[in-house]
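J.: my questions are about this predicted structure, shown below with the sequence.
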Amino acid sequence: IDGINDISGHGTHVMGIIIGAQANNGVGIAGVDWHAQITAHKIAGGAESGVGPSTINVGQALIHSTNSGMNVINLSWGITSHSSYLEQTLLYAMEAPDPPVIVCSSGNDGSSGVGCPAHHFEWGSDPGHDYENGYPNILSVGATTPTGDIPSYSSWTDDHYQVSIVAPGGANYQIEREVRVMEQVFSTWNASGEDPPQYEFLNGTSMAAPHVTGLASLVFARFPGISAEEVCAIIMVSAEDTDGGGRDYRSGYGRINAFYAVAPPAAPENLSCSSGLGENPVLSWDSNDEPDLIRYNIYKKEGAGSWFSIGTVDEPNTTWTDVSCEIGTKSDPIVYYKVKAEDYTEQESTASNTILVWVEGINKKIPENSDLLSEIPTRYALKEVYPNPFNPCTTIQYELPETADISITVYDMLGRTIWTYDESAKPAGYYSMQWNGLNNDGKMVASGIYLISFSTPEYRAVQKAVLIR
């Protein structure tokens with residue numbers, strides 16, 4: 001690349017894992033992000049030159065990559081001792097206007113400890129920069145075998161969480177050549193300038209890191225505008241806990257899963273209602289498998305009306321009670337329910353199966369002693385107003401995770417203020433109120449589209465509502 005001769009073949013092998021080929025290229029290689037653009041930095045002279053990588057070269061490569069606007073920097077390299085110079089270059093990258101994700105191999109020294117700079121994921125030595133608990137845009141990557149086990153060479157520390165996640169790196173070194181095809185990582189190889197380039201089996205955390213680098217590139221492409229810190233969080237929360245024991249020193253949050261990281265969750269299955277006559281409808285459904293799932297959103301439709309959001313259940317709960325009505329008979333009104341799953345990236349699944357229920361007491365207010373009112377939301381939210389379209393009233397539901405000053409304002413499509421409601425120091429909780437289609441002077445407004453804004457000092461959201469007279 002640009003005159004760089006990869007004498008050892010290591011860099012070519014690493015880059016082949018990141019970009020490789022689109023799907024299978026006929027020799028068994030598929031890159032993690034085949035559309036990624038690569039910039040290579042030569043940090044060593046190669047085995048034949050006798051000049052190995054140096055911290056100065058690595059630091060200069062980090063600075064140049066940061067200044068060039070790289071989204072992700074792959075470091076399939078490390079040293080066993082801490083380097084203050086490397087830490088300063090990491091700080092430079094972190095405090096850039098648009099910092100990159102920095103993916104580091106944990107090392108191939110087993111339980112002897114995670115190398116530098118990977119160990120900065122969990123530890124930072126500079127108290128002047130508030131990173132004593134680790135650098136949030138660094139991912140320290142250990143290795144897994146094809147069966148998901150942690151090979152003995154993959155570095156970890158027995159008293160700190162210095163491994164973020166793990167990715168395929170191949171089985172242990174001492175294996176026969178004929179089984180490498182199943183147990184090591186196959187990628188491009190260009191040692192000593194071979195022409196045409198060849199392919200080779202290698203293993204190590206150097207091979208694990210580029211899987212994560214490619215995934216970080218995919219996440220950036222899937223969610224434009226997100227930060228490096230958010231990319232790291234998505235990769236970690238979507239990782240699979242392969243041993244079932246939760247976060248640990250050897251595998252961190254688990255093995256990366258590109259599908260979970262970028263795709264919306266699957267639709268919840270087997271939604272049902274088991275309540276009897278006169279009881280509140282109690283909905284239940286099967287739990288989803290995604291590790292990055294955060295909640296389920298419940299939707300309701302009354303008769304031939306429009307669907308509206310009626311409630312939220314934090315994962316792993318899979319039941320919800322509609323306290324606004326009771327199960328009735330076939331002579332009573334019909335309501336419909338469906339559920340969608342939502343993941344860490346705020347992507348919603350398609351809807352579950354829809355169920356039909358006959359109910360009485362539609363639009364009954366939530367009792368003051370309901371358990372629903374005693375729950376504390378986990379985030380600010382403005383739910384979909386309902387009914388919508390409406391006449392004469394629509395219900396505005398919102399959630400406060402903490403005490404806050406709130407403001408609800410209705411605007412027309414010209415941006416003019418129609419109606420306002422303000423309240424100071426509103427306690428945390430779930431709330432609903434109605435707008436009856438009147439302006440601040442108590443006069444009816446005309447049919448049309450209105451914007452309902454809900455805001456606090458920390459949050460703002462807007463819903464569109466249609467009034468039909």
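T.: Yep, it's here.
J.: tell me the mean pLDDT for the helix or strand hosting His211?
T.: Element membership of His211, judged by DSSP states H and E, is helix 205-222. The predicted model assigns helix 205-222 a mean pLDDT of 93.
J.: residues of that helix that come out buried?
T.: By 16 or more other Cβ atoms under 10 Å, the buried positions in helix 205-222 come out as 205-220, 222. From N, CA and C alone the C-beta is placed, and that goes for glycine too.
J.: and Leu382, how many residues sit next to it?
T.: 20 (other Cβ atoms under 10 Å).
J.: that one and Tyr398 touch, don't they?
T.: Yes - Leu382 lies in contact with Tyr398 (Cβ atoms under 8 Å); the separation is 5.1 Å.
J.: show me the contacts for the nearest residue to Val185 once chain neighbours are set aside.
T.: Closest residue in space to Val185, ignoring its immediate chain neighbours: Met207 at 4.1 Å, by Cβ to Cβ, 6 or more residues apart in numbering. Contact analysis of Met207 by Cβ atoms under 8 Å, 6 or more residues apart in numbering lists His13, Val14, Ile17, Ser76, Ala143, Pro168, Gly169, Gly170, Gln184, Val185, Ser187.
J.: so can I have TSV of those showing neighbour count and secondary structure?
T.: Below are the contacts of Met207 laid out as TSV (neighbours: other Cβ atoms under 10 Å; DSSP: H, G, I helix; E, B strand; the rest coil):
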residue	neighbour count	secondary structure
His13	26	helix
Val14	25	helix
Ile17	30	helix
Ser76	22	coil
Ala143	33	strand
Pro168	18	strand
Gly169	30	coil
Gly170	26	coil
Gln184	24	coil
Val185	27	strand
Ser187	23	strand
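J.: touching, Ala425 and Asp405? I think so.
T.: Yes - in this structure, Ala425 is within contact of Asp405 by Cβ under 8 Å, at 6.6 Å.
J.: neighbour-wise, which of those two wins?
T.: Asp405 (13 against 8).
J.: that one in helix, strand or coil?
T.: strand (DSSP: H, G, I helix; E, B strand; the rest coil).
J.: tell me the pLDDT of it.
T.: For Asp405, pLDDT reads 94.
J.: where do the helices sit along the stretch 251-400 of the chain?
T.: Using DSSP state H, counting those that start in this stretch, the helices of the stretch 251-400 of the chain run over 258-262, 371-374.
J.: tilt between the following helix or strand past the helix holding His211 and helix 205-222?
T.: Using DSSP H and E, the helix or strand that directly follows helix 205-222 along the chain is helix 228-237. Following axes from the mean of the first three to the mean of the last three Cα atoms, to 10 degrees, one obtains 120 degrees for the angle between helix 228-237 and helix 205-222.
J.: buried residues in helix 228-237?
T.: Ala228, Glu230, Val231, Cys232, Ala233, Ile234, Ile235, Met236, Val237.
J.: which strands and helices sit next to it?
T.: strand 101-105, strand 138-144, helix 205-222 (3 or more Cβ pairs under 8 Å, 6 or more residues apart in numbering; DSSP states H and E).
J.: any idea of the mean pLDDT in it?
T.: 92.
J.: please give the centre-to-centre distance between that helix and its chain.
T.: 6 Å (Cα atoms, centre = their mean, to the nearest Å).
J.: same question for stretch 204-218.
T.: The mean C-alpha position of stretch 204-218 is separated from the chain mean by 17 Å, Cα atoms, centre = their mean.
J.: show me the shaky parts of this protein.
T.: 1-8, 20-25, 28, 45-52, 122-133, 173-182, 190-197, 361-375 (pLDDT under 70).
J.: with Trp156 as the reference, measure out to Ile418.
T.: 60 Å (Cβ to Cβ, to the nearest Å).
J.: these two: which has the busier surroundings?
T.: Trp156 (25 against 18).
J.: wait, isn't the more buried one in contact with Val114?
T.: Yes - counting by Cβ under 8 Å, Trp156 touches Val114, with 6.3 Å between them.
J.: overlap of the contact sets of the two?
T.: Residues touching both Trp156 and Val114 (Cβ under 8 Å, 6+ apart) are Ser106, Gln162, Val163.
J.: which residue ranges of the stretch 1-150 of the chain form helices?
T.: 10-18, 55-67, 84-94.
J.: mind putting those helices into JSON lines with distance to Thr378?
T.: What follows is the helices of the stretch 1-150 of the chain, written out as JSON lines (distance: least, Cβ to Cβ, whole Å):
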{"stretch": "helix 10-18", "distance to Thr378": "36"}
{"stretch": "helix 55-67", "distance to Thr378": "35"}
{"stretch": "helix 84-94", "distance to Thr378": "28"}
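J.: buried deepest among those helices, which one?
T.: With neighbours defined as mean count of other Cβ atoms under 10 Å, the helices of the stretch 1-150 of the chain peak in mean count at helix 10-18, which reaches a mean of 25.
J.: which residues sit against it?
T.: Counting by Cβ under 8 Å, 6+ apart, residues outside helix 10-18 touching it are 4, 6, 29, 31-33, 36, 38, 40, 42, 74, 76, 185, 187-191, 197, 200, 202, 206-207, 209-211, 213-214, 217.
J.: keeping just the C-alphas, turn that helix into PDB.
T.: Extracted in PDB, the C-alpha atoms of helix 10-18 (Å, rounded to 0.1, in the frame of the first residue of the first chain):
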ATOM      1  CA  HIS A  10       1.800  -9.800   9.700                       C
ATOM      2  CA  GLY A  11       0.200  -6.500   8.600                       C
ATOM      3  CA  THR A  12      -1.100  -8.000   5.400                       C
ATOM      4  CA  HIS A  13      -2.700 -10.800   7.400                       C
ATOM      5  CA  VAL A  14      -4.300  -8.400   9.800                       C
ATOM      6  CA  MET A  15      -5.700  -6.100   7.100                       C
ATOM      7  CA  GLY A  16      -7.100  -9.100   5.200                       C
ATOM      8  CA  ILE A  17      -9.300  -9.900   8.300                       C
ATOM      9  CA  ILE A  18     -10.700  -6.400   8.300                       C
END
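J.: quick one, that helix and helix 205-222 angle?
T.: Using the same axes, to 10 degrees, helix 10-18 lies at 40 degrees relative to helix 205-222.
J.: please name the nearest non-neighbouring residue to Val166.
T.: In space, Val166 is closest to Gly142, 4.3 Å off (Cβ to Cβ, 6+ apart).
J.: tell me how many other residues crowd that neighbour.
T.: Considering only other Cβ under 10 Å, Gly142 is surrounded by 31 other residues.
J.: list the contacts for it?
T.: Contacts of Gly142 (Cβ under 8 Å, 6+ apart): 106, 150, 154-156, 163, 165-167, 169, 205, 208, 250-252.
J.: report the angle between the helix holding His211 and strand 101-105.
T.: Using the same axes, to 10 degrees: helix 205-222 against strand 101-105 is 160 degrees.
J.: for helix 205-222, what is the distance to the chain centroid?
T.: 14 Å.
J.: what's the answer for stretch 266-275, then?
T.: 25 Å.
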